[in-house]
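In: sequence first, predicted model second:
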Amino acid sequence: MPKRILSGTIVSDKTDKTVTVLVERKVKHPLYGKIIRRSKKYHAHDEDNAFKTGEKVRIEETAPYSKTKTWKVLDRLQASKGTALEAEV
C-alpha cells in the first residue's frame, strides 16, 4: 500500500525531534456547495530538529514512532518569512 504524502505548515517545534504540522484541505459543503477549509494537525518526526515554525513542509506516513506520531518530515517546500536560508555558492 502506498504511503500518503501531505504538505502543510509547521505550527510548533517545541518538542524534541517532533514538529506539529497543520494540513489544510478544501471541501465542498454537501448541501450548500460552498468551498470550506478543513484543517488537521499531525505530529511528524524531525530527527535533527532542522525544521522551524512557519516553514512549509511535506510529510510522509510511516510506521508509528510513538502513540501520536506516525509521520515523518520529508523536505522543506518553502522557508518561513522570518528566517533566511544559506545560499550555496
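Out: Arrived safely, thanks for sending.
In: middle-most residue in this structure, spatially?
Out: Val21 (3.4 Å; CA atoms, centre = their mean).
In: and the gap between that residue and Lys28?
Out: The gap separating Val21 from Lys28 is 24 Å, by CB to CB, to the nearest Å. C-betas here are computed from N, CA, C, even on glycine.
In: try Lys41
Out: Taken as CB to CB, the span from Lys41 to Lys28 is 23 Å.
In: what of Glu47?
Out: Glu47 is 38 Å from Lys28, by CB to CB.
In: so what's Glu24 closest to, chain neighbours aside?
Out: The shortest distance from Glu24 to any non-neighbouring residue, by CB to CB, 6 or more residues apart in numbering, is to Ser39 (4.6 Å).
In: what is the mean pLDDT for the helix or strand hosting Lys72?
Out: Assigned by DSSP states H and E, Lys72 belongs to strand 69-78. Averaging pLDDT along strand 69-78 gives 95.
In: next one: stretch 26-41
Out: The average pLDDT within stretch 26-41 is 97.
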